[in-house]
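Novice: give me coordinates for this.
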Amino acid sequence: MGGNQSWVTEFILVGFQLSADMEVLLFWIFSLLYVFSLLANGMILGLIFLDMRLHTPMYFFLTHLAVIDMSYASTNVPKMLANLVNQKRTISFVPCIMQTFLYLGFAATECLILVVMSYDRFVAICHPLQYTVVMSWRVCTVLVVISWTCGFILALVHAILLIRLPFCEPWEVNHLFCEILSVLKLACADTWISKVVLFAASLFVLVGPLCLMLVSYMHIIWAVLKIQSKQGRIKAFSTCSSHLCVVGLFFGIAMVVYMVPDSKEREELEKMLSLFHSLFNPMLNPLIYSLKNAQVKDAFHRALEKMRSMWGIDGILIG
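Specialist: Predicted coordinates for the structure are as follows:
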């Protein structure tokens, strides 16, 4: 059976079974959302880079989250958009495996970065006097490197196991992109090793981190409730609420896709959830952090004022 794999040149991405007019409409809607997500994350990166007041560990981690979200969306969305306006919805074998590898790598890294961000908030609120020592730039860099390294090592293991499998015709992936569970269904060999590794990885990057974050936020809530002033409690909660919103969206969807037992009724739901993960989640993250974060809003206003003053100077020079 292993010889069949050499004949696999391309897969067919089934996607949504919709009318041509509806697919064109979705193409324009998804294109606008994709461009907006890139611009919004790019704005977050620009504000953090230009504003010295945002050069803190919290925003250092946020820059990595923005980079991951931009890369995460760019891994799947362009191909999905092309398929909406193209009847030949094929993807070559190697690009398909690369798409799976990058998708899993960025997803696992985002899980670990979100854990690091929760630890940062825990130290900031529960141990404020030791914050600068505990969350030194060296520690922050090490935590980020570990997150990226672990995320992509796990993705590499999944990709290697996937490459070794033989695939049988028809090579139709019932998904919007080369999502690993949908690709595994096409294998004409036993995939239990891949599924066990995937489940173990899900425990490592989903269940384990989520438990750590819950413990962190239990300590945070307890510490916040001890704050005497109402204004102090509101400020402390506001620094955590943005992160909790992002965690809830990301981990909730990921656990439904990779931890709930598979069924035929769930295939269309998985497509919708994966679409949300790839398209809407990268767009919502910068909105959540900018709308609920006073420091980001202040930095945005300062950037606008700086631009206005520069245009004013240019106007005087031109006049």
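Novice: kindly list the longest helix within this structure.
Specialist: The longest helix of the chain (DSSP state H) is helix 93-126.
Novice: and it, what does it pack against?
Specialist: When contacts are defined as 3 or more CB pairs under 8 Å, 6 or more residues apart in numbering; DSSP states H and E, helix 93-126 sits against strand 10-13, helix 57-84, helix 131-134, helix 137-163, helix 180-184, helix 208-225, helix 230-259. Using the backbone N, CA and C atoms, a C-beta is placed for each residue, glycine as well.
Novice: Q99 and C178 touch, don't they?
Specialist: Yes: if you go by CB atoms under 8 Å, Q99 and C178 touch, sitting 4.5 Å apart.
Novice: mutual contacts of the two, please.
Specialist: Common contact partners of Q99 and C178 (CB atoms under 8 Å, 6 or more residues apart in numbering): I91.
Novice: neighbour-wise, which of the two wins?
Specialist: Neighbours per residue (other CB atoms under 10 Å) separate Q99 from C178, with C178 holding more: 25 against 20.
Novice: element containing I48?
Specialist: helix 20-50 (DSSP states H and E).
Novice: ok, and for that helix, which residues are buried?
Specialist: For helix 20-50, a neighbour-count test (16 or more other CB atoms under 10 Å) marks 23, 26-27, 30, 33-34, 37-38, 40-41, 43-45, 47-48 as buried.
Novice: of these, which is the nearest to C126?
Specialist: I48 (24.4 Å; CB to CB).
Novice: so for the closest one, what's the pLDDT?
Specialist: According to the prediction, I48 has pLDDT 88.
Novice: tell me who's in contact with A254.
Specialist: Going by CB under 8 Å, 6+ apart, the list of residues near A254 reads A107, C111, S202, L206, H277.
Novice: what about the last one, how many neighbours?
Specialist: Going back to what we said before, that points to H277. 22.
Novice: is it located within a helix, as I assumed?
Specialist: Yes: counting by DSSP: H, G, I helix; E, B strand; the rest coil, H277 is found in a helix.
Novice: wait, it touches I253, no?
Specialist: Yes: using CB under 8 Å, H277 is in contact with I253, at 5.5 Å.
Novice: and the residue lying closest to L249 once chain neighbours are set aside, how far from Q17?
Specialist: Of all residues not flanking L249 in the chain, N281 sits nearest, at 5.9 Å (CB to CB, 6 or more residues apart in numbering). Relative to Q17, N281 is positioned 24 Å away (CB to CB, to the nearest Å).
Novice: between the two, who's got more neighbours?
Specialist: Using other CB under 10 Å as the criterion, N281 and Q17 rank with N281 on top: 20 against 7.
Novice: wouldn't the more buried one be in contact with D69 here?
Specialist: Yes: shown here, N281 and D69 form a contact pair, counting by CB under 8 Å, at 7.3 Å.
Novice: tell me which helix or strand of the chain sits lowest on mean pLDDT?
Specialist: Lowest by mean pLDDT, DSSP states H and E among the helices and strands of the chain is helix 294-318, with a mean of 66.
Novice: circling back to that earlier point, for the strand or helix carrying the residue nearest to L249, the distance to its chain's centre please.
Specialist: Assessed by DSSP H and E, N281 sits inside helix 281-291. How far helix 281-291 lies from its chain's middle: 11 Å, per CA atoms, centre = their mean, to the nearest Å.
Novice: hang on, the earlier thing: list the contacts for the residue nearest to L249?
Specialist: D69, Y72, L249, F250, I253.
Novice: residue contacts, the first one?
Specialist: Looking back up the chat, that one is D69. S37, N41, E110, N281, P282, N285, P286.
Novice: how near is the fifth one to I68?
Specialist: Applying CB to CB, the value for P282 to I68 is 8 Å.
Novice: pick out whichever of these two has more residues nearby.
Specialist: Of the pair P282 and I68, P282 is the one with more neighbours under other CB under 10 Å, namely 28 against 24.
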